[in-house]
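*Asks:* Whatever this is, show me its structure:
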Amino acid sequence: MIEQVLIVDTETTGLELDNGQVIEIGAILYSLRHQTTIQQASVLLPAKDNPAENINRIKSAALATLSPSIAELGIATILDMARMADVVAAHNAVFDRKWFGSTGINGALLPNLVATNGDPLCWVCTCNDFEWPNQTRPGQSLIELALAHDIGVYANHRALTDCQLLAALFDRMENVQAMFERALRPKARFTALVSYDNRDLAKQAGFKWFSDRKVWERVMAVEDAQQLPFRVRCLEFLAH
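*Replies:* You can find the predicted model right below:
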């Protein structure tokens, strides 16, 4: 049984490791048993500038003058929170996860989020691995899901604010433990074998079109792929 979850969100200056860096990390230690927030933290990280300032509204001037000691203290706090968690949850976990244990454009290395025994924590994606009661399609944004579940949205694109929205969604669920157990089922990356005329079937099932390779792909639970109304090809099995 999963007792505690570390909800994580990052704000970055770019979308990929070779053109961006993390400038903010938000985290909430959340109790699944009691469906409540235990601890929350947020920290800005030093950077020379922020090309994404118009999106996340994190001022470049503030990042340029930050003391490294502030960042170190904030990261240490989040690592301590991770050691009390059983799993990491993020909305679009593929994006957030890649910044931990990797060296970005600024050469900085964010440490992996690890359990008490030193093993890396499993990650689950609340965007792609979860089935929310009021969602209208797979892969909805966090803002769309919050509004669909009658949760007010007063801000977005700040790390802790997004973590708080996700925690509020967990608060509303009747059996959030079962949702996590379902999300942790074995997964694989699949290609949808659909004709051009049937492409909407793949889109409705949450598959994404990659124009460079001309394929519809999605990561999903193996057993769910067997229930799709069209054939798929398994590309690779994935670890959490």
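
*Asks:* hey, where'd the helices end up in this structure?
*Replies:* Remark: helices assigned in the chain by DSSP state H are 53-56, 60-64, 68-82, 93-97, 142-148, 159-172, 176-183, 199-204, 222-225.

*Asks:* tell me the mean pLDDT for stretch 46-58?
*Replies:* Mean pLDDT, stretch 46-58: 91.

*Asks:* Residues touching that stretch, excluding its own?
*Replies:* For stretch 46-58, the external contacting residues (Cβ atoms under 8 Å, 6 or more residues apart in numbering) are 11-14, 20-21, 23-24, 44, 59-60, 63-64, 66-68, 71, 106, 157-158. The C-beta positions use only the backbone N, C-alpha and C, and glycine is treated the same way.

*Asks:* Now do the buried residues in that stretch.
*Replies:* In terms of neighbour count (16 or more other Cβ atoms under 10 Å), stretch 46-58 has its buried residues at Pro46, Ala47, Asn50, Ala52, Asn56, Ile58.

*Asks:* can I have that stretch written out in CSV, keeping just the CAs?
*Replies:* The C-alpha coordinates for stretch 46-58 follow below in CSV (Å, rounded to 0.1, in the frame of the first residue of the first chain):
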residue,chain,number,x,y,z
PRO,A,46,19.9,30.6,-10.0
ALA,A,47,20.0,31.3,-13.7
LYS,A,48,21.5,34.0,-16.0
ASP,A,49,18.2,34.6,-17.7
ASN,A,50,14.7,33.2,-18.3
PRO,A,51,13.6,33.0,-21.9
ALA,A,52,10.2,31.6,-20.7
GLU,A,53,9.5,34.6,-18.4
ASN,A,54,6.4,35.4,-20.4
ILE,A,55,5.0,31.9,-19.6
ASN,A,56,6.0,31.3,-16.0
ARG,A,57,6.4,34.9,-14.9
ILE,A,58,9.6,34.2,-13.0
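
*Asks:* re the thing from before, out of the contacts of stretch 46-58, which are buried?
*Replies:* Neighbour counting with 16+ other Cβ under 10 Å marks Glu11, Thr12, Thr13, Gly20, Gln21, Ile23, Glu24, Leu44, Ser60, Leu63, Ala71, Arg158 as buried within the contacts of stretch 46-58.

*Asks:* Can you flag which of those residues belong to strands?
*Replies:* Glu11, Thr12, Ile23, Glu24, Leu44 (DSSP state E).

*Asks:* quick one: which two of those are the most distant?
*Replies:* For those, the farthest-apart pair by Cβ to Cβ is Thr12 and Leu44; their separation is 12.1 Å.

*Asks:* what touches both of the two?
*Replies:* With Cβ under 8 Å, 6+ apart, Thr12 and Leu44 have common neighbours Ile23.

*Asks:* Give me the below-cutoff pLDDT ranges for the chain.
*Replies:* Low-confidence segments of the chain (pLDDT under 70): 103-109.

*Asks:* out of everything not next to it in sequence, what's closest to Ala146?
*Replies:* Excluding its sequence neighbours, the residue lying closest to Ala146 (Cβ to Cβ, 6 or more residues apart in numbering) is Leu165, at 4.9 Å.

*Asks:* neighbours around that neighbour, how many?
*Replies:* A count of neighbours around Leu165, defined by other Cβ atoms under 10 Å, yields 24.

*Asks:* From what I see, it and Gly152 are in contact.
*Replies:* No - contact criterion Cβ atoms under 8 Å: Leu165 and Gly152 do not qualify, at 9.4 Å.

*Asks:* what is in contact with those two at once?
*Replies:* Listed as contacting both Leu165 and Gly152 by Cβ under 8 Å, 6+ apart are Ala146.

*Asks:* show me the residues around Leu79 that make contact.
*Replies:* With Cβ under 8 Å, 6+ apart, Leu79 has these contacts: Pro111, Leu113, Val114.
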